[in-house]
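Novice: I would like the atomic coordinates for the input below:
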Amino acid sequence: MKPEPLEFVSIPIRLGNWTLQEAVKKANEYARRYSRSSQTYEDRYLTEAVNVIIYLCSENAEYAPGEVRPVHPQPRKTKRGIRFFPADKPKIWQVGKQTGEKLRTEFRHSGNSKNRRPHIRRAHWHGYWTGAKTAEKRNFIVKWIPPVFVRGERISGIGE
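Specialist: Numbering: from 1, shown residues only. Take a look at the predicted model:
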């Protein structure tokens, strides 16, 4: 079976005190209410993109120096009601470039070891509650935990 080609899919996900599955359900309800199409967002799009999305939204996502972080689109009032419009053109951000270069450098220099080959403990995201314990003052912050070298030389800038 041949895999389907990747498509660009825009899924507006509202962040709040609910699960990702509930956020997708809310997005589907919103889409049904304000869209002419009966198409809903499928879980397969989310499973392919969720880690990238969370990384980009995290507090410590590594954008290229001088890059402006993405902003939320604002709804516009039209004769047909409130609508969101697509961007004029795609915006490309370089993310994770420095970490990628450091990882490639580490692997090039670590191939001649007699011991167990150095490897990377996989990067992941982690959520933290901040603020007072009352519901009004609590915030949920997502941070990206970068890859960690196991049995490799520590490279400055990764995991710091």
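
Novice: how about the secondary structure of the residue most central in space within the chain?
Specialist: The chain has I53 as the residue nearest its centroid, 2.1 Å off, counting by Cα atoms, centre = their mean. Look at I53: counting by DSSP: H, G, I helix; E, B strand; the rest coil, its state is helix.

Novice: pLDDT score assigned to it?
Specialist: Looking at I53, its pLDDT reads 75.

Novice: if I look at it, how far off is P12?
Specialist: 11 Å (Cβ to Cβ, to the nearest Å). The C-beta positions use only the backbone N, C-alpha and C, and glycine is treated the same way.

Novice: and if you look at W18?
Specialist: 14 Å.

Novice: can you check T134 too?
Specialist: On the measure of Cβ to Cβ, T134 and P12 end up 29 Å apart.

Novice: now do A61
Specialist: With Cβ to Cβ as the criterion, A61 and P12 are 19 Å apart.

Novice: helices along the chain, start to end?
Specialist: For the chain, the helices defined by DSSP state H occupy 20-34, 43-57, 97-109.

Novice: before we move on, the earlier item: show me which of T134 and P12 is the more surrounded one.
Specialist: When neighbours are counted by other Cβ atoms under 10 Å, T134 and P12 differ, and P12 comes out ahead with 13 against 7.
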